[in-house]
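*Asks:* Got a predicted model here, sequence first, then my questions.
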Amino acid sequence: MLKKFCFLTNDVETTSIVNNTLSKKTGERVLKEGMPLLLELYKKYNVKATFFFNGDIVQLFPDVVRMILPYGHEVACHGLTHEVHKAFDVLSLEEQIQHLDKSKKMLEDISGQKVVSFRAPALRVNEFTVAALEYTGFSIDSSVASQRFDMFLSFGSFKKFNRMFAPRLPYRTSKKNLARKGNSSIIEIPISAFIMPYIGTTLRIFPNLTSFLGKCLNIENKINGKPINFLIHPNEFIDEEKKTKIIQRRTKNFFSFILADLVRNKLKIKNLGSIAIPIYEKEIKYFVSKGYNLVPLKDYNFNK
């Protein structure tokens, strides 16, 4: 009987969801509030998860990495910065190598673990990313959400359209496209989606619909063994005050500002804070009850 895998993957960063900006204060609250809540929740259900750390928060608060080590979780890389204008889809090969090399070394020095898994900030990648990952010693990527169709509410949306045709099961990527099969050394473990992404944001906005999606993914697993890969952020579990009614504009593109800043921000604040914990716990309990192995990405045995 094939093992059933469910990966609970966590993007750890300084993003203030309420204020739509990067914030040192948010990073501190992630360290002191969001992460402890998540770690206790995972301990309760014997979950071993993967934490993708962004360099911005690691440089400010290195203890955010150290605190997961006693629990046996995987330390993974979420790039050097979450600044919109330094995303991987606008960086050259040399710049991506520099970002990956610096953030990987930082994480390995703090954790003592070999870092092999990567997820791009905002899931933004380009034709150079595979080569950059290979050059810097990564073996796993989780930046592609196969058949996800809410990308117009995110930055780099048009460049993500080809992911509608990405393989659903884990695969070895091509040399120039993470969303296509090929013969590179990088294994893509897609974030679960089917039109709607299976992530913390949609779970908070549409809890019943997202739970139904989780059940559909469980049926898919029975058919083809596809592992479930859920994405969430510890900053979704902190209660922050809104500083201003004016949404910070992070792009010069008018349509991106309307969709990725204004509309997305209005949606993303629903059920934000400690109220999100029982909503997330319900999903975890479901997969525990179905006999899934809740392990880090690095423990997945890809042999195709």
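*Replies:* Great, that's in hand.
*Asks:* switch to C-alpha atoms for all contacts and neighbour counts from now on
*Replies:* OK.
*Asks:* just for the stretch 201-304 of the chain, where's the confidence low?
*Replies:* 243-266, 304 (pLDDT under 70).
*Asks:* what sits against residue 271?
*Replies:* 204-205 (Cα atoms under 8 Å, 6 or more residues apart in numbering).
*Asks:* Could you look up the SS state of it?
*Replies:* coil (DSSP: H, G, I helix; E, B strand; the rest coil).
*Asks:* pLDDT below threshold where in the stretch 51-200 of the chain?
*Replies:* Judged by pLDDT under 70, the stretches of the stretch 51-200 of the chain that qualify are 150-162.
*Asks:* Could you pull out the strands in it for me?
*Replies:* Along the stretch 51-200 of the chain, the stretches classed as strands by DSSP state E, counting those that start in this stretch are 74-77, 117-118, 140-141, 171-172, 187-188, 193-194, 196-197.
*Asks:* quick one: strands adjacent to the last one?
*Replies:* This points to strand 196-197. strand 193-194 (antiparallel) (DSSP bridges).
*Asks:* so which of the strands of the stretch 51-200 of the chain is the most packed in?
*Replies:* strand 74-77 (a mean of 30; mean count of other Cα atoms under 10 Å).
*Asks:* who's in contact with that one?
*Replies:* Outside strand 74-77, the residues that touch it by Cα under 8 Å, 6+ apart are 48-54, 65, 100, 103-104, 107, 111, 113, 115-119, 296-298.
*Asks:* Now do the contacts for residue 31.
*Replies:* Per Cα under 8 Å, 6+ apart, neighbours of residue 31: 61, 63-64.
*Asks:* among the contacts of strand 74-77, which are in helices?
*Replies:* With DSSP state H as the criterion, helices contain 65, 100, 103-104, 107, 111 from among these.
*Asks:* thinking again about what came up before, so which of the contacts of residue 31 is the most crowded?
*Replies:* residue 64 (22 neighbours; other Cα atoms under 10 Å).
*Asks:* Next one: the nearest residue to residue 113 once chain neighbours are set aside from residue 18, what distance?
*Replies:* Nearest residue to residue 113, sequence neighbours excluded (Cα to Cα, 6 or more residues apart in numbering): residue 75, at 7.2 Å. From residue 75 over to residue 18 the distance is 27 Å, taken as Cα to Cα, to the nearest Å.
*Asks:* Which residues belonging to the helix or strand hosting residue 28 are considered buried?
*Replies:* Here residue 28, judged by DSSP states H and E, is contained in helix 24-29. Neighbour-count burial for helix 24-29 flags 24, 26-29 (criterion: 16 or more other Cα atoms under 10 Å).
*Asks:* then that helix to PDB, C-alphas only?
*Replies:* What follows is helix 24-29, C-alpha atoms only, in PDB (Å, rounded to 0.1, in the frame of the first residue of the first chain):
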ATOM      1  CA  LYS A  24      10.000  44.700  11.500                       C
ATOM      2  CA  LYS A  25       7.300  44.800  14.100                       C
ATOM      3  CA  THR A  26       5.400  42.100  12.200                       C
ATOM      4  CA  GLY A  27       8.500  40.000  12.200                       C
ATOM      5  CA  GLU A  28       8.800  40.300  15.900                       C
ATOM      6  CA  ARG A  29       5.200  39.300  16.400                       C
END
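*Asks:* What helices and strands are in contact with it?
*Replies:* Judged by 3 or more Cα pairs under 8 Å, 6 or more residues apart in numbering; DSSP states H and E, helix 24-29 is in contact with strand 15-16, helix 55-60.
*Asks:* is it possible to export these to CSV including distance to residue 235 and mean neighbour count?
*Replies:* CSV is the format used below for those (distance: least, Cα to Cα, whole Å; neighbours: other Cα atoms under 10 Å):
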stretch, distance to residue 235, mean neighbour count
strand 15-16, 7, 22
helix 55-60, 12, 21
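*Asks:* just so I know, which of those lies nearest residue 285?
*Replies:* Closest of the helices and strands packed on helix 24-29 to residue 285 is strand 15-16, at 27.7 Å (criterion: Cα to Cα).
*Asks:* Name every strand pairing with that closest one and say which way it goes.
*Replies:* Here strand 15-16 is paired, per DSSP bridges, with strand 21-22 (antiparallel).
*Asks:* Residues contacting the strand it pairs with, please?
*Replies:* In contact with strand 21-22 (Cα under 8 Å, 6+ apart) are residues 14-16, 82-83, 248.
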